[in-house]
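J.: quick one, fold the following:
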Amino acid sequence: MNIIITNSTGQPIYDQITSQIKNLILTGVLKEGDALPSMRLLAKELKISVITTKRAYEELEREGFIVSFTGKGSFVASQNLDFLREQRQREIEEYLQQAVDTAKSLDIECEELEDMLRIMYEGE
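T.: Model (predicted):
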C-alpha cells in the first residue's frame, strides 16, 4: 500500500492516511477482506508515531471502511460502495457550493465558472 505523507498541506497526518485509504477502497484498489498493514508496520514505513496510525485506523473503523480484530489485524469491511460513493459526492457538492458562493460574491458568471472547472478537470 502506497501512502504519501506531506507536511506542506496543513492536513493532519492521520487525516492524510484516512483519506488515502478511503480512496483506495472506493476505487477498488483495496477490496473487501483485504488486510491492511498493522498499525506498527505502517507507522514504521511512514516514519510516524503508532498513535497517529491508531487514530487513522480508528477513524476508518468508525466510518465503516475497515474492521479490526484483536490479534488478527485490520481488514477492508464489507460495505455498500454506492452508499460510500454517495457520501463522497456530498463532499464534492459542499466544495462546489463554496466555489459557487465565492464566484457569486465576485460577480463571476456561471459560464466562466464552468470554464474554470472544465479546464481544471481536463488538465489533470
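
J.: tell me which residues are up against the helix or strand encompassing Thr52.
T.: Applying DSSP states H and E as the criterion places Thr52 in helix 50-62. By Cβ atoms under 8 Å, 6 or more residues apart in numbering, the surrounding residues in contact with helix 50-62 are 13-15, 17-18, 21-22, 36, 39-40, 42-43, 46, 66-68, 74. From N, CA and C alone the C-beta is placed, and that goes for glycine too.

J.: next, the buried residues of that helix.
T.: Neighbour counts over helix 50-62 (16 or more other Cβ atoms under 10 Å) mark Thr52, Thr53, Arg55, Ala56, Tyr57, Glu58, Glu59, Leu60 as buried.

J.: quick revisit: and the contacts of helix 50-62, which of them are buried?
T.: 13-14, 17-18, 21-22, 36, 39, 42-43, 46, 66-67, 74.

J.: could you dump those residues to TSV with pLDDT?
T.: Formatted as TSV, the buried ones among the contacts of helix 50-62 follow (pLDDT from 0 to 100):
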residue	pLDDT
Ile13	95
Tyr14	95
Ile17	96
Thr18	96
Ile21	95
Lys22	91
Leu36	96
Met39	95
Leu42	95
Ala43	95
Leu46	94
Ile66	93
Val67	93
Ser74	95
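
J.: now the helix or strand containing Tyr14 - C-alpha only, PDB.
T.: Secondary structure from DSSP H and E places Tyr14 in helix 13-26. Output of helix 13-26 as PDB, limited to C-alpha atoms (Å, rounded to 0.1, in the frame of the first residue of the first chain):
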ATOM      1  CA  ILE A  13      -1.100  13.100   9.100                       C
ATOM      2  CA  TYR A  14      -3.800  10.800  10.500                       C
ATOM      3  CA  ASP A  15      -6.300  12.500   8.100                       C
ATOM      4  CA  GLN A  16      -4.000  12.100   5.100                       C
ATOM      5  CA  ILE A  17      -3.700   8.400   5.900                       C
ATOM      6  CA  THR A  18      -7.500   8.100   6.400                       C
ATOM      7  CA  SER A  19      -8.400   9.900   3.100                       C
ATOM      8  CA  GLN A  20      -5.800   7.900   1.100                       C
ATOM      9  CA  ILE A  21      -7.100   4.500   2.400                       C
ATOM     10  CA  LYS A  22     -10.700   5.600   1.800                       C
ATOM     11  CA  ASN A  23      -9.700   6.400  -1.800                       C
ATOM     12  CA  LEU A  24      -8.000   3.100  -2.300                       C
ATOM     13  CA  ILE A  25     -11.200   1.300  -1.100                       C
ATOM     14  CA  LEU A  26     -13.600   3.400  -3.100                       C
END
